[in-house]
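A.B. asks: sequence and predicted structure are below.
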Amino acid sequence: MAADLQEQYYTQVPDADIEGRSAQSLRAAAQSHYELAGFRPQGTSRVRVLMPDDGESGWDVEGHGVVEIVTEDRPFLVDSVSAFLSRSGFGIYRLAHPQLVVRRDITGELQGVEPRDTPIDGVTVLRESWMHIELDTAIEPETFAGLEEGLQQILRDVQDVVEDWTKMQNQALGMVEGLRSGEPPSARRRSQRRASCCPGSPTAISRSWATGSTASSPTTTATSSMSCPAPGWASCAPTARGRGRSAAFPSRSAPKRGRRTF
């Protein structure tokens, strides 16, 4: 592990959080995280729960459990992970959360940590979130696997939310625009369905004439579309009876009293 990685790893950690920790312990903690990050295929996350001690790992956190996470940098990560740990009965004693620019090959193998101002291409040069969390208590080894799977699920949920964020935002903006124009979103959707169902409907005619995509007159087009061409849809043409009913969905009158029906 290069010395510049250790500097980037702790650059945003308050001095009070690392006071009293030996240089060897700080370096060993960063090295452990670096080894976890060694392989991460795109779209996945790496999670590890452990109880380090001086004898085996070369670093000690005074009996606190440790969570290490390597994932693509996204919003909501810290809040989501913290909420999950809280629901699981753990508080956060110390947190280091460096956002590092890394270079990986196409398989996800870590090639190195780049300077912070390196341009991101989203393929081989990525901005990643490395989270080092020291819990407020020790962790029993038999709970490691359950915590790791729960954290993996939380990270997948965050990924889904962030990837759908733009779609949901565009849909919300479209609803706002519809309200400003005075046309409720439900009416706009019905208008769009009617246009796709019946090419001769007023909405479809106005659209086709505006775009110059029709050569027929409005009268001819409207007359030719009295029966809806799409199976399963009610005709868009007005009907003499039924108040909104159509040939595709005829109204059902109740049987007259005294008459037997079969």
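C.D. replies: Nice, I can see it.

A.B. asks: please count neighbours and contacts with C-alpha atoms only from this point.
C.D. replies: Will do.

A.B. asks: helices of the stretch 101-250 of the chain, residue ranges please.
C.D. replies: Taking DSSP state H, counting those that start in this stretch as the test, the helices found in the stretch 101-250 of the chain are 144-180, 185-197, 202-211, 218-224.

A.B. asks: select from those helices the stretch with the lowest mean pLDDT.
C.D. replies: When those are ranked by mean pLDDT, helix 218-224 comes last with a mean of 41.

A.B. asks: which residues are contacting stretch 103-114?
C.D. replies: With contacts defined as C-alpha atoms under 8 Å, 6 or more residues apart in numbering, stretch 103-114 is touched by 5, 37-42, 100-102, 123-126.

A.B. asks: so residue 61 sits against residue 52, correct?
C.D. replies: Yes. Using C-alpha atoms under 8 Å as the test, residue 61 is close enough to residue 52 to be in contact (6.9 Å).

A.B. asks: what about dumping the CA coordinates of stretch 62-79 to CSV?
C.D. replies: In CSV, the C-alpha atoms belonging to stretch 62-79 read as follows (Å, rounded to 0.1, in the frame of the first residue of the first chain):
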residue,chain,number,x,y,z
GLU,A,62,-9.8,-1.8,21.9
GLY,A,63,-12.4,-4.5,21.7
HIS,A,64,-14.7,-2.7,19.1
GLY,A,65,-16.2,-4.6,16.2
VAL,A,66,-15.3,-3.3,12.8
VAL,A,67,-17.2,-3.0,9.5
GLU,A,68,-15.4,-2.4,6.3
ILE,A,69,-17.3,-1.5,3.1
VAL,A,70,-16.1,-0.8,-0.5
THR,A,71,-18.8,0.3,-2.9
GLU,A,72,-19.4,2.9,-5.7
ASP,A,73,-19.8,6.4,-4.2
ARG,A,74,-23.5,7.3,-4.0
PRO,A,75,-25.8,9.5,-1.9
PHE,A,76,-27.5,8.1,1.2
LEU,A,77,-24.8,5.6,2.1
VAL,A,78,-23.8,6.7,5.5
ASP,A,79,-27.4,7.4,6.7
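
A.B. asks: give the rounded mean pLDDT of it.
C.D. replies: This predicted structure assigns stretch 62-79 an average pLDDT of 95.

A.B. asks: what residues of it count as buried?
C.D. replies: Across stretch 62-79, burial judged by 16 or more other C-alpha atoms under 10 Å covers 64, 65, 66, 67, 68, 69, 70, 71, 72, 73, 74, 77.

A.B. asks: swap in stretch 19-26?
C.D. replies: 25, 26.

A.B. asks: same check, this time on stretch 37-56
C.D. replies: Along stretch 37-56, the positions that meet the burial threshold by neighbour count (16+ other C-alpha under 10 Å) are 37, 39, 40, 42, 45, 46, 47, 48, 49, 50, 51, 52.

A.B. asks: can you tell me what sits against it?
C.D. replies: Stretch 37-56 is touched from outside by 36, 58-61, 63-72, 107-110, 138-139, 141, 144-145, 147-148, 151-152, 155, with contacts defined as C-alpha under 8 Å, 6+ apart.
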